[in-house]
Every structure is written in C-alpha cells, then in structure tokens.
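Undergrad: Based on what follows, work out the 3D shape:
(chains A, B, C and D)
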There are 2 protein chains.
Amino acid sequence: MPPPARRSADATRTALVHAAQDALRDVGYSGSSAREIARRAGCNQALVFYHFGSVQDLLLAALDDVSTRRLTAYQESIATATTLHALVDAAERVLEDDLAAGNVAVLVELLTAGSSSPDLAAAVTERLAPWRDLAELAVGRVFELVPGAAVLPVDEAAHVLIATLLGLELVAGTSTGRETTAVLFGRARRVADLLEPGPAVRSDRAPRPRTGRAPAGGAS
Amino acid sequence: MPPPARRSADATRTALVHAAQDALRDVGYSGSSAREIARRAGCNQALVFYHFGSVQDLLLAALDDVSTRRLTAYQESIATATTLHALVDAAERVLEDDLAAGNVAVLVELLTAGSSSPDLAAAVTERLAPWRDLAELAVGRVFELVPGAAVLPVDEAAHVLIATLLGLELVAGTSTGRETTAVLFGRARRVADLLEPGPAVRSDRAPRPRTGRAPAGGAS
DNA sequence: GTCTATACTTGGATAGAC
DNA sequence: GTCTATCCAAGTATAGAC
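TA: The predicted structure is shown next:
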C-alpha cells in the first residue's frame, strides 16, 4: 500500500502544471508568479516550491507537458497528411495552439536567457530539437507533394519554417497581426488547392471554436 | 540661453536610453528594472522616473531611439539598391549589424512583453509602423525587379518578411542558428544572380557562382 | 502533503535635501 | 537635476504546525 496521503498526492502536481499553462496564456511570463499559479490551481503557494523547487522549474515542466502532448498530435496529423491542404491546416493549428498556450513568451524568455548562459542555451536547443524534426517531416512532405519545390535542403527549409512561424506568433500580438496571419493562411490554402486539384475539396477550413475565455482552473 | 544645469542635463536622458537598450539586450524585459538600468547608466534610480515617468516609458523611448537610428540606415541602402543582389546584401548587412548590436532583441523583448499587456502592445504596434513601411518599400523593389514575383499583396508580403526576419533573429541564439542564417543568405544571393544575369554584380561577399546551376535540387 | 506564517529580496515610485 | 532616504507592493523561499 502506498503511504497514506490523505488527499491528492500527485494530482497537485498536475493541477499546478495545468494552472501554470493557464497563467502563461492569460497573464504572460511576467505575471506567472507562484502565488498566481497556486491561486489558479486552488492550492497553497508553498506547494510550488515543495513540488518543483522553483517557479522557473514549474514553468519548464508546464512547457514540456504541453509540448509533448502537442508534438504527438502534430506528428500523427502530418505523417498521415496526404494533401498540401492538410499540411497548411496543420501549420496553422500549430501556430494557433502556440498562441493559445502562451508558449512563445516562455520560449523567447529561454532563448534570450540562453544567449548569456551556454548551458541554458543547450537546454533550449534540446527542447527545440523535436520541433525541428517535426518541421523537417512536414517540409519533406511538401517537397514530395510539390515537384520542384525543393529549392532548399530539408533542414534549412525547416529552419526557416520554424523561424517564420515564431515570427508570425511574435507579431500576432500587434493590432492587425492576428487577422493578417489568418489571411495569409487562407491564401496558402488556396494556393495548395491550386497546386493540388485532386480530390481534396475540403472547402475552407471549418473555423475552430474560438479559444476565447475558458480558463480551465477558473479564477476565483 | 538655457538654464544653468551645472552638469549633463540631457546627457542623462541619453545615457538612460542607451543603458535601457543594453539592459533589454542582456537581461531581457523582466530583468530591465529601473535600478538595473540606472546602474548601467551610472546614475541614480530615481532619475528614471524623473525623466521618463515610468520604466515602461523609458523602455519605449529606448525602442524609439534604436528604431530611428536603424531606419535611416536601412532606408538609404534600400532606396539606392538597383539590383536584387544589392537588396539581398543590404538585408544581410542590416541583419548582421542588428544582431551584433542586439537591436532586434529590444523589439523582440517588447513584443513578447506586449502580448500580456494591451497598452504596451498598442505602443509597440505604433512603433512598428515605420518598419512595416520600410519592408513594403523593399518588397515593392523586389516585385519590380522580378516579374511574376508578386504572388502576394505588398503589405502582406511585408508582414511575412518582418515576421521571418524577427523569427530568424530569435532562433539565431541556438546552436546552429547563426550559421544557418548565413547559409540562407548565401543561397538567396545565388538565386538573385540567377534571376538577374545582367551587369556583373559586385561579388564582394561571396564567390560568384561560375555555373548557372541551381543551388540545390534542380527544379527542372 | 498541505497549510499558515514569516523572513528576505527586489522593484516601482515619491519626498525632500542638496 | 541629482541625490539619499523611504514607503509600499509583490514575489521567492523556508520553517514549522497540522
């Protein structure tokens, strides 16, 4: 028998991780304090340090959690994608989810912090590696589907793809940034349909339910 | 005659502005406190509030300063460029200088910070406008020089251009990021020479490709 | 494991001396 | 204009009771 643990032992950990994700999305990196996260998780602030040692480590755990979940989902959708249209959809979904999860702020924080700390930079590169692989997978698909598109080696194209998506996320915070991005993906989708007049007539992508305000933890 | 001002009246302001730029580059937005900036400027922390009212206003002033300085430089090099090759050179030179000086980092930091602060986001958006204009100028040039390149409206292409450059700056901090960027510009230069076989371009930056062969993977 | 309480630190911002 | 001194708020982290 496991030790007593009268109440949720490790449920607290996951609650904190999820609350950290919500906090990152809602109030950004600077607003994601131990007190704020604990409030969303419905527990005490001291538990952040008991379970994770520091706020920074909790935020990294949150980032890892959401990353692994999303990576597997994307990997599947890209691996099974047989049309250009579907690949564009996947790219847009990646960007939307990133924005919704507020991952960009953490990533930027890590990237800038890494520039003055070699070991941290290594940690960031490590976390970025699976995304690079995913991007290479997607680019490889595009090169297969569109003859003559391989004007760049796959790894370099993947590099540009990641950079561009990150950049689009960055400027999405500006006034017209968000809608311009949507327009761009609309164009890409239409171009995809042109290059690929086959069976893929999945019309325009169905608008996803807006992420809007749906704090899972609920602000008391 | 201006009032006495025994010692550096407005030199303090510029010192603070420059110190703010350094701080943003070195320790990021979260680390750029009034005390940190004042320490770098070699003056007292209270002067931040005396001269700028708040830390955020000082950071915005820092962004203004770096923007105007860089904008004039870029505007000139783009306006005088008459070949595609020269445009690519200009873009790379600009990016190299910016990376070395950490100018883009200032913008990136404020952009991410703005994602969780609407008023800051609005202020940053306002300051992004001249850059958007500049990007449209450059894109318009490319569309003039390369017939059939206008697959996008100028403003949207400019949007993507800015996003991509910002994204490349972001990932330049990773292990292979920096050199990959250099490789990409090398490819762009060769493509430019292919599209523009006219006058012997100044090949001061890279050995001129003797053959007309495509960089990688022939598009037949 | 979770809580309360608290020590300690840092940062924004102001008042007033010089 | 610049400084010292200070207030106040918020955050990190730890100690110890339950």
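
Undergrad: roughly how far out does the helix or strand residue A:23 falls within sit from the chain middle?
TA: Taking DSSP states H and E as the criterion, residue A:23 maps to helix A:11-31. Centroid separation for helix A:11-31 versus its chain: 14 Å, with C-alpha atoms, centre = their mean, to the nearest Å.

Undergrad: Kindly report the same for stretch A:117-133.
TA: Average the C-alpha atoms of stretch A:117-133, do the same for its chain, and the two points are 15 Å apart (C-alpha atoms, centre = their mean).

Undergrad: One more: stretch A:71-85?
TA: In terms of C-alpha atoms, centre = their mean, the gap separating the centre of stretch A:71-85 from the centre of its chain is 15 Å.

Undergrad: can you list contacts of it?
TA: A:86-87, A:90, A:93-94, A:130-131, A:134, A:137-138, A:141-142, A:145-146, A:189, A:192-193, A:195-196, A:198, A:200, A:202 (C-beta atoms under 8 Å, 6 or more residues apart in numbering or on different chains). Yep, even glycine has a C-beta here, placed from its N, CA and C like the rest.

Undergrad: what's the average pLDDT for it?
TA: Stretch A:71-85 shows a mean pLDDT of 92.

Undergrad: Alpha carbons of it, in PDB - could you do that?
TA: The C-alpha trace of stretch A:71-85 is given here as PDB (Å, rounded to 0.1, in the frame of the first residue of the first chain):
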ATOM      1  CA  LEU A  71       4.100  17.000 -30.700                       C
ATOM      2  CA  THR A  72       2.500  13.600 -30.800                       C
ATOM      3  CA  ALA A  73      -0.700  15.100 -32.100                       C
ATOM      4  CA  TYR A  74       1.000  17.000 -34.800                       C
ATOM      5  CA  GLN A  75       3.300  14.200 -35.700                       C
ATOM      6  CA  GLU A  76       0.300  12.000 -36.400                       C
ATOM      7  CA  SER A  77      -1.600  14.500 -38.400                       C
ATOM      8  CA  ILE A  78       1.500  15.300 -40.500                       C
ATOM      9  CA  ALA A  79       2.500  11.800 -41.000                       C
ATOM     10  CA  THR A  80      -0.900  10.900 -42.200                       C
ATOM     11  CA  ALA A  81      -1.400  14.000 -44.300                       C
ATOM     12  CA  THR A  82      -1.700  13.200 -47.900                       C
ATOM     13  CA  THR A  83      -2.600  16.600 -49.300                       C
ATOM     14  CA  LEU A  84      -1.000  20.000 -49.300                       C
ATOM     15  CA  HIS A  85      -4.200  21.500 -47.900                       C
END
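
Undergrad: list the buried ones in that stretch?
TA: A:74-75, A:77-78, A:81, A:83-85 (16 or more other C-beta atoms under 10 Å in any protein chain shown).

Undergrad: hmm, back to that, now do the helix or strand following the helix holding residue A:23, average pLDDT.
TA: Sequence order places helix A:34-41 as the next helix or strand after helix A:11-31, per DSSP H and E. Helix A:34-41 shows an average pLDDT of 98 in the prediction.

Undergrad: swap in stretch A:12-24?
TA: Averaged across stretch A:12-24, pLDDT comes to 96.
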